[in-house]
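Q: Sharing a model that was predicted from the sequence below.
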Amino acid sequence: MALSARALALEARLFAAWEQARADPAGRQRLIPQMQPIRQEFRTLLEAAQRHDVAKVAGLCRQLLKLWPALWAFVATAICTAAQHGQTIPSLLRAASPVQPPAQAA
């Protein structure tokens, strides 16, 4: 399977687990263990892709690995914060983002 297809498959699994956790407050406790195999597979993918033939792909993978802890901080932080304050995950992400997304057309 191509690099991009593998990355998209992992992304789909990640967001499926995320949506499941959002839908069920009790599911938030299961999110961290669900993310472990996804994290490991994604890390393995990025480590292998550092040697990609296309320099920009290899460079992107190296940069993502440098940011590795930050890529996954949302899981524990958002779950703990949301549970403590009764907020939804999207509202937490909007509040934490320095750049606001463009307004959606009505």
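A: Structure's in. What do you need?
Q: what about the closest residue to Ala49 other than its chain neighbours, how many residues close to it?
A: Excluding the flanking residues, the one nearest Ala49 by CB to CB, 6 or more residues apart in numbering is Cys61, at 4.1 Å. The way it works is simple: take the backbone N, C-alpha and C, and place the C-beta from them, glycine included. Using other CB atoms under 10 Å, Cys61 has 20 other residues around it.
Q: what's the answer for Glu19, then?
A: Residues near Glu19, counting by other CB under 10 Å: 12.
Q: and it, what element?
A: helix 3-23 (DSSP states H and E).
Q: in this structure, which segments are predicted with low confidence?
A: 1, 25, 76-106 (pLDDT under 70).
Q: In it, mark out all the helices, start to finish.
A: Here the chain has its helices, by DSSP state H, at 3-23, 28-49, 55-66, 68-85, 89-96.
Q: for Leu8, what are its contacts?
A: Leu8 sits next to no residue when contact means CB atoms under 8 Å, 6 or more residues apart in numbering.
Q: Please report the distance of it from Leu45.
A: 11 Å (CB to CB, to the nearest Å).
Q: can you pull the contacts of the residue nearest to Ala49?
A: So Cys61 contacts 46-47, 49-50, 52 (CB under 8 Å, 6+ apart).
Q: out of those residues, which are buried?
A: 46, 49 (16 or more other CB atoms under 10 Å).
Q: Pick out the most distant pair among the contacts of Cys61.
A: Glu47 and His52 (11.1 Å; CB to CB).
Q: I'd say Phe42 and Ala9 touch.
A: No: if you go by CB atoms under 8 Å, Phe42 and Ala9 don't touch, sitting 10.3 Å apart.
Q: if you count what's nearby, which of those two comes out ahead?
A: The residue with more neighbours, out of Phe42 and Ala9, is Phe42; 21 against 14, by other CB under 10 Å.
Q: gap between the more buried one and Ala23?
A: Distance of Phe42 to Ala23, given as CB to CB: 23 Å.
Q: Please apply the same query to Leu8.
A: Taken as CB to CB, the span from Leu8 to Ala23 is 22 Å.
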